[in-house]
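Q: sequence? don't have it. structure:
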C-alpha cells in the first residue's frame, strides 16, 4: 500500500456534499475504529443502522481523528472545493490521496488534476474492502446522518 500524508474524501448524497480529511499516520487507528461501517445503499434496515452507527461514532470518538470535515448543501459546492484546494496548497510538500464521488469527479479533477503530488480517484474505482474504501464509508455515513437530520 502506498503511503500518503493525507487522505481526502469528497462525497455526495442527495442535496449534500461533504469532505473529510484524515492524516495518513493515523489510518490504522481510524480503520480499527471504523469496522462497523457499511455502504448506506446496501444496508437493509437503514434507520436502525444510522441510529447504531451514530452511537459507534460517539463511543469511539472518531471525530477526533478528522483533520477537517465539512458537510454543506449542494449549492455550496464551491465552498467545499475551495476548502480542499486551500488545504492542498497549505500542505504543498505532502502527498495526498483524494477520492471523489463519481458525479463530482470531472469538475474536481480539472481543479486539482495538474498537481502531481495528488492522486485523484473516482469513488467507484475504490476496491471493496480496501483501506480507502473503508475510509470512504465514514464520510458516506456522515452525509446520510446529516441528510436524515433534515428529512
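A: Here it is on my side, so go on. Keep in mind that this is a model prediction, so the values were computed, not measured.

Q: alpha carbons only for contacts and neighbour counts from here, please
A: OK.

Q: relative to the whole chain's centre, how far out is the helix-or-strand element of the chain with minimal mean pLDDT?
A: Within the chain, no helix or strand scores below helix 102-112, which has a mean of 81 by mean pLDDT, DSSP states H and E. Put simply, helix 102-112 sits 15 Å off its chain's centre (Cα atoms, centre = their mean, to the nearest Å).

Q: quick check: next helix or strand after that helix?
A: strand 118-122 (DSSP states H and E).

Q: measure how that next one sits relative to helix 102-112, angle-wise.
A: 160 degrees (axes from the mean of the first three to the mean of the last three Cα atoms, to 10 degrees).

Q: pull out the buried residues from the following helix or strand past strand 118-122.
A: Next helix or strand after strand 118-122 toward the C-terminus (DSSP H and E): helix 131-149. Neighbour counts over helix 131-149 (16 or more other Cα atoms under 10 Å) mark 132-145, 147 as buried.

Q: ok, and what's touching helix 131-149?
A: Helix 131-149 is touched from outside by 9-20, 31, 34-35, 37-40, 50, 54, 71, 99, 123, 126-128, with contacts defined as Cα atoms under 8 Å, 6 or more residues apart in numbering.

Q: tell me the average confidence for that helix?
A: Average pLDDT, helix 131-149: 90.

Q: mind checking the SS state of residue 7?
A: State at residue 7, reduced to three classes by DSSP: H, G, I helix; E, B strand; the rest coil: strand.

Q: so what's it bridging to?
A: In this structure, residue 7 bridges to residue 22, residue 97 when assessed by DSSP bridges.
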